[in-house]
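Chemist: From the sequence below, what's the structure:
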Amino acid sequence: MTLPVVYGTISFWLGKKADEYHSHKWTVYIRGATNEDIGVAIKRVVFQLHPSFNNPTRVVESAPFELSETGWGEFEISITIFFHGDVAEKPLDLFHHLKLYPEDESGPQSIKKPVVVESYDEIVFAEPSEAFYLRARNHPAVVTTGTPTGLSLPPPSGTTNENFSEKKRGDTKDHPLNQWFLRHSEADELAQLTAARQQVQNHIMKLRRQVNLVEIEVTRLKANSGQ
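Modeler: From the prediction side, this is the model:
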């Protein structure tokens with residue numbers, strides 16, 4: 001069983017409302033890769049902010065697992081994930097660098113277009129407990145590829161009490177920041193790899209042309225010096 005997740009930050013410049021110590025408003029979060037409710041496996045998340053913040057250790061007890069703040073500096077945020085008891089997994093530590101300024105800082109900042117930095121990861125439950133497997137196997141946030149070895153499961157009854165849509169929703173499908181979330185899928189990753197490979201090939205071709213020009217110039221200089 002795996003739980004695909006995305007963690008990151010979205011930061012907005014405050015524009016005219018900015019001051020020396022509060023230039024940006026930002027949100028740090030961990031969400032389902034397809035914006036489903038990851039609270040099925042995750043009980044709480046602890047965000048460790050820079051020591052300069054009041055109460056830098058922030059605990060979020062339910063999904064959506066996020067917090068918002070204002071500030072002026074970039075720093076590394078520690079994200080510790082605690083799982084439900086039947087998941088039987090130790091806490092997981094992730095780290096994310098808060099970024100407030102775009103890569104291209106030549107143009108003016110915009111209060112409408114945020115700086116978005118996200119990372120994709122898959123939390124693997126190699127040996128899930130029977131209780132967790134039965135509870136989460138049909139949940140849309142969880143990817144199940146087969147029955148784990150060693151589990152003795154009851155035969156299917158033909159009915160299920162797992163109506164996740166009627167439970168308290170912790171998904172991020174209607175989140176106010178949803179329009180800025182990046183898409184994460186195998187197709188997207190393949191497209192990114194293809195684009196990166198093409199950029200590398202173009203760069204290699206450019207370097208080869210430059211080397212050829214240098215070699216031609218060296219040959220010309222040698223010929224002139226021999227006259």
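Chemist: Checking Thr147 next. Helix, strand or coil?
Modeler: Put simply, Thr147 is coil when judged by DSSP: H, G, I helix; E, B strand; the rest coil.
Chemist: Tell me which helix or strand comes right after the top strand by length along the chain.
Modeler: Secondary structure of the chain per DSSP state E: the longest strand is strand 2-13. Using DSSP states H and E, the helix or strand that follows strand 2-13 in sequence is strand 24-32.
Chemist: could you point out which element follows that following strand?
Modeler: Per DSSP H and E, the first helix or strand lying C-terminal to strand 24-32 is strand 42-48.
Chemist: got the contact list for Phe75?
Modeler: Phe75 makes contact with Leu49, His50, His97, Leu98, according to CB atoms under 8 Å, 6 or more residues apart in numbering. All C-beta spots, glycine's among them, are computed from the backbone N, C-alpha and C.
Chemist: at 6 Å what do you get?
Modeler: Contacts were defined as CB atoms under 6 Å, 6 or more residues apart in numbering; by that measure Phe75 touches His50, Leu98.
Chemist: Just the pLDDT for it.
Modeler: Note for Phe75: predicted pLDDT of 97.
Chemist: now it: how far from Ala136?
Modeler: As judged by CB to CB, to the nearest Å, Phe75 and Ala136 stand 34 Å apart.
Chemist: so Leu67 sits right up against Pro56, yeah?
Modeler: No: taking contacts as CB atoms under 6 Å, Leu67 lies outside contact range of Pro56: 11.1 Å.
Chemist: average pLDDT for stretch 52-68?
Modeler: Mean predicted lDDT for stretch 52-68 stands at 96.
Chemist: Could you list the buried residues of that stretch?
Modeler: Buried residues in stretch 52-68, defined by neighbour count with 16 or more other CB atoms under 10 Å: Arg58, Val60, Ala63, Pro64, Phe65, Glu66.
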